[in-house]
Structures are given as structure tokens and as C-alpha cells.
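Colleague: Sequence and predicted structure below; questions after.
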Amino acid sequence: HTHTHTTRVRTMMGRMALVVGCLAVHSVAPTAAAAPRSHILMILVDDLGWADVSFNRAVPDPEVVTPVLQKLVDEGVHLTRHYVHQFCTPTRTSLQSGRFPVHVSTGLGSPCDDNTGISQNMTGFAQHLQAGGYFTAQAGKWDAGMATPAHTPQGRGYNESLCYFSHKNDFWSQANMQTCCEDDQTIIDFWETDHGASTLNSTGYSEYIYSEFLTDIIAKHDPATPLALFYAPHVAHCPLQVPKAAYEKFSFMTDDEGQCSAQTVKGVHTIDPHFPDLEYKCRQQYKAMVSIMDEVVGNILDALTAKGMYDNLFIAFSSDNGGPVDLQENAANNWPLRGGKYSLFEGGIRSAAFISGGLIPQSIRGTANSGIVHVADWYATFAAIAGVDPTDKKAADAGDVPPIDSINMLTFLTTKGAVSPRANTPIPVGATCIVMGDYKLITGKSSPDFWQGPKFPNASSVALQAASDVLALAPPRPYPRVAPCYAGSNASLAAVQRWSSPGKAAGTTVCSTANVDSQCWNVQNSAGQRVILWAEQPQPNELFMILDGKLTSASAASKSCIGADPTTGELVVVDGCTPGRATSGWAYDAATMQIRVADTDGTELCVEWFANGTGGSTPPAKKTGVCANGCLFDVASDYTEQTNLIDDPAQAIRIANMTAILAKERSSFFSNKDTFVNDCPPGEKNCACWMATNRYGGFMGPFAMLPKTPAAQV
């Protein structure tokens, strides 16, 4: 297939505010004859579902209220094959670094960890823009590292920024969430350029604070200087908090559900703390949040228009992944695409996206472009707009990190009938997935794997979640468990007990070495905190270590250990390292590659690969789960992924070629090994939290390689 622009006609509903979203870009110093360099606005929305914007719905839905975005698409180009990672951190590091996630970061890293986010030897696109004379600013979610000042937005090239470092925070108090400090809700995840955002903390709803922050920058800006803005809304990530006024605008909605209370907890992360008794109506809350994001984009566009900057503006808009369809987490909808956040189906990795702004040629306005674009490509595209070289010279000099993967898409995106430079080049999504041209190959189980329907979630969705594991945050079994140690003479049994070594002083990945599904340990992000086995990634989510006979994970609290369930033997997180089955006495046997521990009666046990129902001795002959035995989809013509071509003899050569290419790509996958000597007192195990309390006045911030005298303390 040749992918080109196709005309789209839309009926616009009501008066739509003029809006723009775009990506930050590079520039060079102007000459006397040079045209003014273009301004850039990049909008990267959090957890936005494919069906949660009007421009992805052929039939208007009164619940989907995004008039600003709709007008931008009507005056821009709808990107219908824009790819991202299946969850947030890798997409955000990909955008900033210009690399595929497999070449920068594929884990859900904690801001408390040294190696979360972008390697210290990589250059962010905003740094190129700064060097080219741009003024750069960022507001919203960062999720690309915090360890040192060089990891913050300021260190990555933003003159001014207002951000939170983790995957989420409280929309009203900005209290930290999903960090090593979460047990202490007095610690705030809200950072302004080089200090805690003490003057803005708890002054209102986060999106409105970001709106005022960015519009103030625009109001003070000299339009003669090129401006690059990166707006990264917290919307529409959980917790599903929203002002009552916006909530009530959607009170006409019916057939809703209230499962999101598990993440949006009353009294802790209340929907609207000014009105604590608001009823949980999760789809209503989510739609209201999206409408606020649309409103804020309108505010930014109005400010740019008032300064005469819109006509010279390039806007890029994308979600960071597909919408989450776990009812406890969120209420997004990716219909008609299959799956959602965390999955390798199009609903997880094909994002709602477009370009717009005054720079879009009249001849292609109001069209759709079905050519392939990856979020990493904005790096080189912005450089092209700015007229600067996108080469990462710092990375090249260091020699220990991959070069950029980004391709300049400017000519393709702005030329009618052009073919994407990625039309026949591989995109390695992960260790078990590759996109190449019209086709996508998945070589391992992926979930969620279902189609949501035009109105999702609804009251019947609760029964769906109760009856199926496809909505789970973590994949189902197999899990590792402890069992009697097998002797090396029985190779078929001993194979399932062979593992790579846990770290001794620092965490490492622990993976099966028996080629049993190429799976590694990760801690399940849900009740029970089991250790699960997940398809191997270049940078798995979890790092494990054995210290003084105790097995711990980098994500577990500092006083937690890995032990064994006394009934099933499955590995679980044990709070407080409470004495019990297999909470101490762990050791790694390098000769047999077994991870050993003594049971309470002195019996020696080993960790084994265990698939539910097999007794642990023999992996199942036929893997279960969608795509466990492989999937091939023509995602150009079958973008809802209804027809699996994996057993089609006519596709045998294609499957073999894509499998070989994916295997070759894996050899280039990158794992960030950055470590730093922190600046906390010796022996302090939770440095990020100590630093927040003792240096930054209760705000999370960098904890290593700090200046002796802080630039700003609160």
C-alpha cells in the first residue's frame, strides 16, 4: 500500500476556540535575510483513549467534548498511524531523546532510581533548540528521570518548567503518588525549574495551574525569539479527579460505573476535595477531565494568537499510549481499536495524533495521513524546522549509548501525496513485537486484548472485569515459585530452575536462562504484590538483589523482602521482612544457576518457572493467551486486528523475515546502567525522600551530583 493524504470532511459543531498544540524545535541564529524561525508547541497527553477525542469518531458523541482539538484537526492533518510505546515512561523518554524506547528506556521507572529515564549521555531535543536560540518551556508530566539536576527538564534544555517527576500525582495537592515516598503524603511532587513549586502548590487544579504558567510565559515572550513549548497534561491519567463544575457538565450521562474508586480514593485523592461527596461515575469523570485538557489547549492557543505567533506555529499532538481499560485505574476507550494501555495491540501503541498550526500548507489542511510516524521522529523533525543538526554528538563522544533513531518527517508531513520514510523500515516495539510497513508481528502473549465498544466503560463492564483477566494491570501466570531443588542430572526438570544471577550490591534483572518464554521477574502492580514472569524486555521493570541473605527488589519498600507464599510457594513481597517462609537465607548457586533458600524446616528450596496447572515441572506444550503462539496482522487494512494471519501459508516468508529482523534488532536493545553517588548521609536508604524533607522543604527533586549550595531551596 502507498500511504498518502486523503481528504476528510467534518461538520464542525458550534463555535470552536482556536487551538494549537505542537512540539519544541531547534533553530539557528537568523541572518538579515532569514525568515522568522517557527514557534513550536508539543502536546503529549497522558492516557488518552483513541475514542476519547471527537476527531477519531465518525459519528459525533455528546460525551466526547473536544472542540478545540477538532478545529485543529480540521485545519491540520490527522495522523492515523502515529506509534508510541504501550505505556508512559518509554514514550516520554523516546520523545525527548529521539530514540525508540528499546534504545533509551522500556521500564516504568521510579523517579527515586538512578537509571530511570534518559541516560546521562543522551541529549534532549530542547537542548538542541536552546543552542539554536530558542526559548523553551515545559509544563506537566515529566516522567523521564530526576536523579541529578541534569535529568530534570532544566537539565534537558528547558529554560522554564513546572512539572511532576513521577507517573502521577494528586491533581489538587500535588502530593506524590507511585514513588518511593508515597507513604508520606506530605511530600509533594511539584517542581518549578530548579526548586520546589512552593508558591503554586495546592493553589488549584493542576491543569489550570499549567495553563496559567504557560500563558504567562507567552504573554511575556518577545515573538521575535522562537519559542518552543512542551505541554504534557496530567489528564487523563488516574486519579480521576476533576472540579465539580466540569463534572456536572456531564451529568446527562447514564449507564456508568464506579470501579475507579480503587485509584481515586476518597479522603486521600478525592474527586474534588471541595465537594468530597461526589459520586463515583468513572466515565463521566474521565470525559470531564478530557474536556478540561481541551480547554487548556484553547487557552494556550488564544495566548499565542494574541501575540501574533499562531501563523508561524507548528503544532504536534499525541497521546503517550493507548487509553487504560483497567476499570480500577481509569475509564478510557480505544474503540474500534483492540486492546489498550500495556498491550501491543493497536489500542495500546497507535495514538490519537495530529499536526496543525499556521505552518501547515493550505493544500493539505483537513486531510488524514495514514503513513507511519513514530513519536521519536519529532526530535529530528523539530530540528529540521529550526534548521539545526539533530545529531547527538554527546552520545557519539560517550560511545556507550545508541545514536538517535529519529527521522525528519517534515517534508513527508507537509507534502501532499508523499510517502512516509518509515514505509518499509522496522519499528522494534519490544522484545516480542515489531511493526514493519503494513504489518505487525507479535511473538508473545499480550493483554488487554479486547475491543471496548462505542460506549465504554459502562455498567456491564464491571461483569466483564470480574469474569476475565484481560483487564489486569499485570499479565496472568506463570509466576516463579519455590520448590524442591532438582539435581543437574535431570536436565528436563532442572531447566526450569535456571536463572540469571540477582545483584549483590546493586539490582539486576533476573531472567529464565532455559529459554522458557524468555521471561523475567517483575513485581505485580496490584494487590498481593506477587513476583510475576513477563516477556523479557531490554530494560525489565524490576531489578533484584540478594543482600545479607535477603532477596529484595528495587521497587519494593526499603524495609520489604521477597518471600514465599506458605501455601503456593509463589514469590511475594513481604512487608517488614517478617520472619517466615523464605524471607532470609537466599543465595545464588553460579554452578547450577539456581536461586536457593532454606525452608523453615531446613529443607533446601529453589526458585522455579511455574505455569499454573502444569505442576511446575514441564512448561505447557501450547502457550495460552492471545498471541502466545504468535500474531501477524495487516494493521493498514485490518487496523482493528480481527484477522490473525500467523497460520496463513501465504505469509510464511513475511513471518520468517520479520522474526529474523526482530531477533537482530534485539541485539541493539539498550539498558540504562547509570549509577550515581547520592548526596544523602551515609547509610540513608531512601535518599529521594530524605532529600525532599531535608533539602527541598517537602518537595521531590534531584538527589545526586548536587551543587554544594542549592540554586534554590524552599
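Modeller: Nice, I can see it.

Colleague: helix or strand for the nearest residue to residue 633 once chain neighbours are set aside, which one?
Modeller: Take residue 633 and drop its neighbours on the chain: the residue closest to it by CB to CB, 6 or more residues apart in numbering is residue 641, 4.7 Å away. C-betas here are computed from N, CA, C, even on glycine. Using DSSP states H and E, residue 641 falls within no helix or strand.

Colleague: you'd agree residue 422 is up against residue 376?
Modeller: No. Residue 422 is beyond contact range of residue 376, at 10.3 Å (criterion: CB atoms under 8 Å).

Colleague: and the residue nearest to residue 633, how many neighbours?
Modeller: Counted with other CB atoms under 10 Å, residues neighbouring residue 641 total 23.

Colleague: per-residue pLDDT, it?
Modeller: At residue 641, the predicted lDDT confidence score is 95.

Colleague: wait, doesn't it sit right on residue 343?
Modeller: No. Contact criterion CB under 8 Å: residue 641 and residue 343 do not qualify, at 10.4 Å.

Colleague: where exactly do the helices run in the stretch 401-550 of the chain?
Modeller: For the stretch 401-550 of the chain, the helices defined by DSSP state H, counting those that start in this stretch occupy 410-414, 461-467, 491-494.

Colleague: weakest of those by average pLDDT?
Modeller: Here the helices of the stretch 401-550 of the chain differ in mean pLDDT, and the lowest is helix 461-467 at a mean of 54.

Colleague: Ignoring the adjacent residues along the chain, who's closest to the residue most central in space within the chain?
Modeller: The residue lying closest to the centre of the chain (CA atoms, centre = their mean) is residue 88, at 0.7 Å. Spatial nearest neighbour of residue 88, excluding adjacent residues (CB to CB, 6+ apart): residue 320 at 4.9 Å.

Colleague: Equivalent analysis for residue 141, please.
Modeller: Excluding its sequence neighbours, the residue lying closest to residue 141 (CB to CB, 6+ apart) is residue 232, at 4.4 Å.

Colleague: hmm, back to that, could you check how far the residue nearest to residue 633 is from residue 258?
Modeller: Distance, residue 641 to residue 258, using CB to CB, to the nearest Å: 30 Å.

Colleague: before we move on, what about residue 85?
Modeller: Applying CB to CB to residue 85 and residue 258 gives a distance of 30 Å.

Colleague: tell me the contacts of the residue nearest to residue 633?
Modeller: With contact taken as CB atoms under 8 Å, 6 or more residues apart in numbering, residue 641 is in contact with 337-339, 345-346, 631, 633, 635.

Colleague: got the contact list for stretch 692-705?
Modeller: 111-112, 114, 146-152, 165-166, 176, 179, 181, 186-191, 195-198, 201, 676-680, 687-688, 690-691, 706, 710, 713-714.

Colleague: My error: substitute stretch 172-186 in the last question.
Modeller: By CB under 8 Å, 6+ apart, the surrounding residues in contact with stretch 172-186 are 110-112, 164-170, 187-190, 197, 201-202, 204-206, 239, 241, 268-270, 272-273, 557-558, 686, 688-689, 692, 698, 700.

Colleague: returning to that earlier point: in helices only, show me the contacts of stretch 692-705.
Modeller: Counted as lying in helices by DSSP state H, out of those, are 687-688, 690-691.

Colleague: Compare those and tell me which is most surrounded.
Modeller: Tallying neighbours with other CB under 10 Å puts residue 688 at the head of the ones in helices among the contacts of stretch 692-705, with 27 neighbours.

Colleague: Can you name the residues that contact that residue?
Modeller: 111-112, 146, 179-181, 700, 703.

Colleague: May I see those arranged in TSV, with neighbour count and pLDDT as well?
Modeller: Below are the contacts of residue 688 laid out as TSV (neighbours: other CB atoms under 10 Å; pLDDT from 0 to 100):
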residue	neighbour count	pLDDT
111	29	95
112	23	95
146	31	98
179	24	95
180	24	93
181	25	95
700	29	98
703	26	97
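
Colleague: so what's residue 659 up against?
Modeller: Neighbouring residues of residue 659 by CB under 8 Å, 6+ apart: 441, 443.

Colleague: did I read that right, it in a helix?
Modeller: Yes. Counting by DSSP: H, G, I helix; E, B strand; the rest coil, residue 659 is found in a helix.

Colleague: Give me the local confidence score for it.
Modeller: Here, the pLDDT recorded for residue 659 equals 96.

Colleague: Equivalent analysis for residue 152, please.
Modeller: Note on residue 152: pLDDT of 98.

Colleague: got the residue ranges for the helices in the stretch 601-714 of the chain?
Modeller: 652-666, 687-694.

Colleague: what separates the shortest one from the chain centre, distance-wise?
Modeller: So that's helix 687-694. 25 Å (CA atoms, centre = their mean, to the nearest Å).

Colleague: and if you look at the first one?
Modeller: With CA atoms, centre = their mean as the basis, the distance from the averaged C-alpha position of helix 652-666 to the chain average is 26 Å.

Colleague: Export that helix to CSV, keeping only CA atoms.
Modeller: Only the C-alpha atoms of helix 652-666 are listed here, as CSV (Å, rounded to 0.1, in the frame of the first residue of the first chain):
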residue,chain,number,x,y,z
ALA,A,652,5.3,-17.7,5.9
ILE,A,653,8.1,-15.8,4.2
ARG,A,654,7.0,-12.5,5.7
ILE,A,655,6.8,-14.0,9.2
ALA,A,656,10.2,-15.6,8.8
ASN,A,657,11.7,-12.3,7.6
MET,A,658,10.1,-10.2,10.4
THR,A,659,11.1,-12.8,13.0
ALA,A,660,14.7,-12.6,11.8
ILE,A,661,14.7,-8.8,11.8
LEU,A,662,13.2,-8.7,15.3
ALA,A,663,15.9,-11.1,16.5
LYS,A,664,18.6,-8.9,15.0
GLU,A,665,17.0,-5.7,16.5
ARG,A,666,17.1,-7.3,20.0
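
Colleague: Tell me where the stretch 501-650 of the chain is predicted with low confidence.
Modeller: Scanning the stretch 501-650 of the chain for pLDDT under 70 picks out 505, 514-518, 524-530, 534-541, 554-559, 576, 578-583, 611-625.
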